[in-house]
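K.L.:
what follows is a predicted structure for the sequence shown.
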Amino acid sequence: MVRLLSLCAVFFGLLAPARAAEPFRIGLILPMSGPFAGSIGRQVEHGLRLYLAGHGEEVAGHKIEVLLRDDGGNADATRRLATELVTSEHVDLLAGFGLTPLALAAAPVAQRAQVPMIVMAAATSIITEQSPFVLRTSFTMAQNVTPLAQWTARSGMRRIVTLVSDYGPGQDAEKAFAKGFSDAGGTILDSLRAPLASPAFGPFLQRAKDLKPDALFLFVPNGQGADLMKSVAERGFAEAGIKVIATGDVVDDLTVNDMGEDVIGMITSHHYSAAHESAENTAYRETFMKAYGVRPNLMAIGGYDGMHLVFEALRASEGKARGAALVDAMKGRAWLSPRGPISIDPATRDIVQNVYMRRVERVNGQLWNVEFETTPNVRDPAKN
């Protein structure tokens, strides 16, 4: 009788539906309100969700759940939200982080909880050094600026003034440009820094113009480029024969078409342009614009590729890896992104990617950042 009951239990157990695997939960922390919501927060979220829409919301037997939280660009809020997500929501991964102070606020939380953290936007070199659980799918400022500094020197410019926003990425941009340009024989006449919050660019631009450099190098974060370039035009740099060069943040794909004639011909360097010519990017750009009504910018691609990294790591581990094992599954991953070939450096957990020289051009009646030169497989120079 006992044996009969045991057999019945096994039989009916086989008939019972298999228990679904636990969902894989992602805590996505972004500035969804405040000055960086449109150019950073929504773009990263759109990129991530576009990947899910095109590849399904399940991988390796696990449904992907995204828990979006708005930190408003405030580091204290980032720290609190990250803590709540790992302790109360038990997320398997933290992601997002629109600005450097926000990423730095979350890194100790990821370290204590031993939860992987993918930086999809913030660009200061030191972020990945804060914890072995931090990886990046965006870019670093030094990575994008060094090829521009070298190109500037090759183009015959010898005397430069730099103007950057006074926070981590701006300081990285200033340092990387000065080193790359000086190593090539150039001279930095002055290094100017504008406040990140509510900057008044006029006095800094006048100081730069008075020094009569060959060119002015600029960096400001996404969302501030239009105001900066309006001030540049008002001060007559072109009429004075001073070239203006910048990182791609200044002529962001989201806003460049509204900046007008003054930015046509402007040279920038960056890791992504919506005008990048490849089959992958054409499909990505067209799908993105159809879904959201705007161009994808440099931040959206960080969200898109961040989600790809998660999918590939879960597939490689058959859905089993969590914590440090998940980080290990992400190290060394390489794939063809809409931006071009990219990989995750296993030693630094930072992204390796092409950096493109671009020129603002009018194409079919619209302004685009058109690439004309490629520096392949660039690692962050700060970590070399």
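P.N.:
Everything's here; your move. This one's a predicted model, so the numbers in the text were calculated from it and none came from an experiment.
K.L.:
from the chain's centroid, how far away is the helix or strand containing Ser191?
P.N.:
Using DSSP states H and E, Ser191 sits in strand 187-194. Centroid separation between strand 187-194 and its chain, computed with Cα atoms, centre = their mean, to the nearest Å, is 25 Å.
K.L.:
quick one: contacts of that strand?
P.N.:
Strand 187-194 is contacted from outside by 158-166, 170-171, 174, 177-178, 181-182, 200-201, 204, 207-208, 211, 213, 220, using Cβ atoms under 8 Å, 6 or more residues apart in numbering. In short, each C-beta sits where N, CA and C put it, glycine included.
K.L.:
buried sites along it?
P.N.:
Buried residues in strand 187-194, counted by 16 or more other Cβ atoms under 10 Å: Ile188, Leu189, Ser191, Leu192, Arg193, Ala194.
K.L.:
Met229 and Asn297, how far apart?
P.N.:
16 Å (Cβ to Cβ, to the nearest Å).
K.L.:
looking at these two, which is more packed in?
P.N.:
Asn297 (28 against 24; other Cβ atoms under 10 Å).
K.L.:
low-confidence ranges in the stretch 251-384 of the chain?
P.N.:
Filtered on pLDDT under 70, the stretch 251-384 of the chain yields no residues whatsoever.
K.L.:
can you show me the strands along it?
P.N.:
Secondary structure of the stretch 251-384 of the chain, counting by DSSP state E, counting those that start in this stretch: strands at 267-270, 334-337, 340-344, 351-363, 366-378.
K.L.:
check those strands for me and report the most buried one.
P.N.:
Highest mean neighbour count among those (mean count of other Cβ atoms under 10 Å): strand 267-270, with a mean of 25.
K.L.:
what residues does that one touch?
P.N.:
139, 144-145, 147-148, 151, 243, 245-251, 298, 355-360, 369.
K.L.:
need phi/psi at Val134.
P.N.:
As for Val134, its main-chain torsions (degrees, to the nearest 10) stand at phi -100, psi 130.
K.L.:
contacting residues for it?
P.N.:
Contacts of Val134 (Cβ under 8 Å, 6+ apart): Ala103, Ala107, Ala110, Pro116, Met117, Val119, Ile127, Thr128, Arg349.
K.L.:
of these, closest to Glu22?
P.N.:
Pro116 (16.3 Å; Cβ to Cβ).
K.L.:
you'd agree the closest one is up against Met330?
P.N.:
Yes - if you go by Cβ atoms under 8 Å, Pro116 and Met330 touch, sitting 7.2 Å apart.
K.L.:
are there residues contacting both of the two? Which ones?
P.N.:
Common contacts of Pro116 and Met330 (Cβ under 8 Å, 6+ apart): Leu135.
K.L.:
any idea how far Thr146 is from Lys290?
P.N.:
Counting by Cβ to Cβ - Thr146 and Lys290 are separated by 35 Å.
K.L.:
residues near the closest residue to Gly319 other than its chain neighbours, how many?
P.N.:
Counting by Cβ to Cβ, 6 or more residues apart in numbering, Ala60 is the residue found nearest to Gly319 once chain neighbours are left out, at 3.1 Å. As a burial measure, Ala60 scores 16 neighbours (other Cβ under 10 Å).
K.L.:
the stretch 101-250 of the chain: helices as residue ranges?
P.N.:
Applying DSSP state H, counting those that start in this stretch to the stretch 101-250 of the chain gives helices spanning 141-154, 168-183, 202-210, 225-234.
K.L.:
the longest helix belonging to the chain packs against which elements?
P.N.:
Taking DSSP state H as the criterion, the chain has its longest helix at helix 298-316. Under the contact criterion of 3 or more Cβ pairs under 8 Å, 6 or more residues apart in numbering; DSSP states H and E, helix 298-316 touches strand 24-30, helix 42-55, strand 58-59, strand 93-96, strand 117-119, helix 323-330, strand 334-337.
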